[in-house]
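> Sequence and predicted model, in that order:
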Amino acid sequence: MSATPGSSMRTPRRRVAGLGSARSGTGHFWLQRVTALANLLLILIALPIVIWAAGQEQAQTLAILGHPLVAIVLLLLIFSVCFHMRIGMQVVIEDYVPAEGMKVLALIANTFFTIAVGSAGAFAVLKISFGG
Amino acid sequence: MAGAAERPLSPHLQIYRPMLTMMMSIVHRITGVALYLGTPLLVAWLLAAASSERAFTFVNGLYGSWIGLLLLVGYSWALIHHALGGIRHFVWDTGAGFGPGPRELFAKLTIGGSIALTGVLWIVIWLVKG
């Protein structure tokens, strides 16, 4: 039952959980970086494809965007980008909205917005790819 | 929260002389917010393509107009600036590049690189698409 020097107020359970005083650990930071890396890689693939498909006749655009490999890249990009958007805007809201009620509402609106944008984008890609 | 404002607060932005590194940090956040609002532009294009010929022609007309193109140029610059700023953060994550020299260099590379790459991108687009 002897405590480690310098950590007398912390239970061993608390120390192994490693969540610190904010009770959330480094999960947010880590997701920010992982989605950032995914965004970077996926954008490098998707950007030339989008430039190629943009400004064409609709049939041409649909043929390019509907290719399975293109559709998968776009789906991954939309998912990763919207996740990154959500946790990024979360930090901005937490920094600039001091009132507790407004902050909670803004955080919920952020979640709704990013999931709606992501779902709409994913639905469009799937519809195009499945030939609807 | 009640009483929160009565605590002494640490000095914020207004007390510091503007510096390039600080500006790049602020611009990183602003471009992030701009990109957040800009993602629906890409989704609108996908939805229009998935919906109907009429919707697709309408959205293409919007993005092909000079205001639309200006918006896309701004969007691409924000994307590139935010991406370069993100790469800078990846370098910092390794523990490198915090000294005054590298720090200033990264700031210059972020702003200079983003403008140069945006220029290159649109020259390539112009060459390919006419």
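Sure thing, it's come through. Just so it is clear, the model here is predicted, and its values are computed rather than measured.
> Quick check: residues of chain A near chain B?
Contacts of chain A with chain B, taken as C-beta under 8 Å from any C-beta of the partner chain, map to A:33, A:36-37, A:39-40, A:43, A:50-52, A:54-55, A:58, A:61-62, A:65, A:74, A:78, A:81-82, A:85, A:88-89, A:92, A:98, A:100, A:117, A:120-121, A:123-125, A:127-128, A:132. (C-beta placed from N, C-alpha, C; glycine too.)
> Please report how far residue B:20 lies from chain A.
In this view, residue B:20 and chain A are 22 Å apart by C-beta to the nearest C-beta, to the nearest Å.
> residues of stretch B:117-130 that come out buried?
B:117-118, B:121, B:125 (16 or more other C-beta atoms under 10 Å in any protein chain shown).
> May I see the PyMOL selection of the buried members of the residues of chain A next to chain B?
To isolate the buried subset of the residues of chain A next to chain B in PyMOL, counting by 16+ other C-beta under 10 Å, use the following:
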select buried, chain A and resi 33+36+39+43+50+52+54+58+61+62+65+74+78+81+82+85+88+89+92+117+120+121+124+125+127+128
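> ok, back up a step: of the buried residues of stretch B:117-130, just say which sits nearest to residue B:36.
Using C-beta to C-beta, residue B:118 is the member of the buried residues of stretch B:117-130 that lies nearest residue B:36, at 19.0 Å.
> Give me the pLDDT for the residue nearest to the spatial centre of chain A.
Taking C-alpha atoms, centre = their mean as the criterion, residue A:83 is the residue nearest the geometric centre of chain A, at 1.1 Å. Residue A:83 is assigned 97 on the pLDDT scale.
> Which members of the residues of chain A next to chain B are positioned in helices?
Residues of the residues of chain A next to chain B located in helices (DSSP state H): A:33, A:36-37, A:39-40, A:43, A:50-52, A:58, A:61-62, A:65, A:74, A:78, A:81-82, A:85, A:88-89, A:92, A:100, A:117, A:120-121, A:123-125, A:127-128.
> tell me which element residue B:37 is part of?
Using DSSP states H and E, residue B:37 sits in helix B:20-51.
> so who does the residue nearest to the spatial centre of chain B touch?
What sits nearest the mean C-alpha location of chain B, by C-alpha atoms, centre = their mean, is residue B:78, with 2.3 Å. With contact set as C-beta atoms under 8 Å, 6 or more residues apart in numbering or on different chains, residue B:78 has these partners: B:31, B:34-35, B:38.
> Tabulate these in JSON lines, adding columns for pLDDT.
Converted to JSON lines, the contacts of residue B:78 look like this (pLDDT from 0 to 100):
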{"residue": "B:31", "pLDDT": "97"}
{"residue": "B:34", "pLDDT": "97"}
{"residue": "B:35", "pLDDT": "97"}
{"residue": "B:38", "pLDDT": "96"}
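> Just among the residues you listed, which is most surrounded?
The residue in the contacts of residue B:78 with the most neighbours, by other C-beta atoms under 10 Å in any protein chain shown, is residue B:31 (23 neighbours).
> That residue contacts residue B:85, doesn't it?
Yes - using C-beta atoms under 8 Å, residue B:31 makes contact with residue B:85 at a distance of 7.4 Å.
> returning to what we had before: could you name the helices and strands sitting against the helix holding residue B:37?
Here helix B:20-51 touches helix A:58-66, helix A:68-96, helix A:100-129, helix B:53-64, helix B:66-93, helix B:100-129, going by 3 or more C-beta pairs under 8 Å, 6 or more residues apart in numbering or on different chains; DSSP states H and E.
> if we compare the ones you listed, which one ends up closest to residue B:21?
Of all the helices and strands packed on helix B:20-51, helix B:100-129 sits nearest to residue B:21, with 4.6 Å by C-beta to C-beta.
> between the closest one and helix B:20-51, how many degrees?
Going by axes from the mean of the first three to the mean of the last three C-alpha atoms, to 10 degrees, helix B:100-129 is angled at 30 degrees with respect to helix B:20-51.
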